[in-house]
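**Q** all I have is the shape, not the residue letters:
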């Protein structure tokens, strides 16, 4: 490792005095100048099951809202169920655990995310509407809520059409992206027929949810593999999530904290092939989009373990604790650990005037850890993703020790 690079990282790093919300924010104050002019902060994560990532993102959200005027938390979670979470945090409708479960992702049904949702509710209590922080889901999948809203609308305005318009789409409530590839896109045609019917009859929630159903149908019927990576279900999902974020930014005063995996918030192509959500946002908003990747050194995280083979998804196990040792010496994580063993942030935009060795390292090709909601049994420890830091991230947050997120009871 170049001493010059390690020295620059150590000098540039912002040590974190803590990861949990509620502690002094003196260590975060430099973010005010770093994020000056930024409207979207992508808060990434190298795993979907690290307690410390969730705690840090909660802490950063409080800082962004209370001290920098951010007004929306957009999350890699069901767009259909997002309005129920927003109704809870803004008006107290329902209960926190119930609306969290409605998001449909086991990854977010944790004590850490529940605490964040409850903080949002407490922050909003007694505040005027224009001063509240809102919640938005941006992922078209898990769209049972949209089916319910549109169904209620149809029963009111055209009960004789409900069965014919909705019955073909009921499968979307549970079908996952890429599960029913169909070159003829029949589900999409049904969803578009529904959207055409709703359009002009409802300018409100029913129209919004009908659009979600079109996106969900597109994801379900797209192939997971294609000669053109931009035609895959993965590329379409990131594009739709970026569009959902953009829709929130029509109000020029809106500033968004964006919660998603590192692979989604990166400003480049995930894995070198699929245009990521962050790439779409960076192309549209330039430096007003800031991608903060969250990395871990060692410890454990929660994820489902897959059996090898084409049957991997149906046979994926229940979420389990997966252990990992210290990162390999040639990884980004090892470089950050050498610069400072404790939890810290590094602003990569400040490298514009850094020594040549630093800029060459940032523009070079490296590897770092990346785990999704499911990991391959036995071999997950060796999984590394290629990365060019200068292309993909504006900043990095390094967590020295990872522990598994704390799941909520399933009853």
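**A** Received the coordinates, thanks. Source: prediction; values computed, not measured. Residues are numbered from 1 along each chain as shown.

**Q** now the residue nearest to residue 62 when sequence neighbours are not counted: which helix or strand?
**A** Leaving aside its sequence neighbours, residue 62 sits nearest to residue 21 (C-beta to C-beta, 6 or more residues apart in numbering; 5.2 Å). For every residue, glycine as well, the C-beta is placed using N, CA and C. Assigned by DSSP states H and E, residue 21 falls within no helix or strand.

**Q** for residue 21, give me the pLDDT.
**A** Per-residue pLDDT puts residue 21 at 95.

**Q** give me the distance between it and residue 122.
**A** According to C-beta to C-beta, to the nearest Å, residue 21 and residue 122 sit 11 Å apart.

**Q** give me phi/psi at residue 278?
**A** With angles defined as degrees, to the nearest 10, residue 278 sits at phi -60, psi -30.

**Q** who's in contact with it?
**A** Counting by C-beta atoms under 8 Å, 6 or more residues apart in numbering, residue 278 makes contact with 42, 242, 264-268, 289, 291, 392.

**Q** cutoff 6 Å now
**A** 42, 265-267, 291 (C-beta atoms under 6 Å, 6 or more residues apart in numbering).

**Q** for residue 49, which non-adjacent residue is spatially closest?
**A** Nearest to residue 49 is residue 302, by C-beta to C-beta, 6+ apart, at 3.1 Å.

**Q** secondary structure class of that neighbour, three-state.
**A** The three-state label given to residue 302 by DSSP: H, G, I helix; E, B strand; the rest coil is strand.

**Q** what residues are up against residue 402?
**A** Contacts here follow C-beta under 6 Å, 6+ apart; on that basis residue 402 touches 50, 52, 296, 299, 301.

**Q** please identify which helix or strand holds the third one.
**A** Just to be clear, that refers to residue 296. Per DSSP H and E: strand 289-306 holds residue 296.

**Q** the residue nearest to residue 62 is in contact with residue 59, isn't it?
**A** Yes: contact criterion C-beta atoms under 6 Å: residue 21 and residue 59 qualify, at 4.5 Å.

**Q** separation between the most centrally placed residue in the chain and residue 13?
**A** Nearest to the mean C-alpha position of the chain, counting by C-alpha atoms, centre = their mean, stands residue 260 at 1.4 Å. Separation of residue 260 from residue 13 (C-beta to C-beta): 24 Å.

**Q** who wins on neighbours among the contacts of residue 278?
**A** Using other C-beta atoms under 10 Å as the neighbour criterion, residue 265 leads these with 33 neighbours.

**Q** skipping adjacent residues, who's closest to it in space?
**A** Excluding the flanking residues, the one nearest residue 265 by C-beta to C-beta, 6+ apart is residue 42, at 3.2 Å.

**Q** what sits against the one you found?
**A** Counting by C-beta under 6 Å, 6+ apart, residue 42 has contacts 258, 265, 278, 291.

**Q** in the sheet, which residues pair with residue 321? Tell me.
**A** residue 302 (DSSP bridges).

**Q** neighbours of it, how many?
**A** Around residue 321 there are 13 residues (other C-beta under 10 Å).

**Q** equivalent analysis for the one 10 residues further on, please.
**A** Each residue near residue 331 was counted by other C-beta under 10 Å, and the total is 19.

**Q** again, but for residue 184
**A** When neighbours are counted by other C-beta under 10 Å, residue 184 comes out with 8.

**Q** do residue 156 as well
**A** 11.

**Q** with residue 188 instead?
**A** Neighbours of residue 188 (other C-beta under 10 Å): 20.

**Q** ok, which stretches of the chain are strands?
**A** 14-15, 40-43, 72-78, 134-139, 256-259, 269-270, 274-275, 289-306, 320-324, 344-347, 366-369, 374-376, 384-387, 395-402 (DSSP state E).

**Q** the third one vs strand 134-139, what angle?
**A** Direction vectors for strand 72-78 and strand 134-139, defined by axes from the mean of the first three to the mean of the last three C-alpha atoms, to 10 degrees, enclose an angle of 30 degrees.

**Q** elements contacting strand 72-78?
**A** strand 134-139, strand 256-259 (3 or more C-beta pairs under 6 Å, 6 or more residues apart in numbering; DSSP states H and E).

**Q** same question, the first one
**A** When contacts are defined as 3+ C-beta pairs under 6 Å, 6+ apart, strand 14-15 packs onto strand 344-347.

**Q** run the chain-centre distance for the strand it packs on.
**A** 20 Å (C-alpha atoms, centre = their mean, to the nearest Å).

**Q** what's the answer for stretch 344-357, then?
**A** With C-alpha atoms, centre = their mean, you get 25 Å for stretch 344-357.
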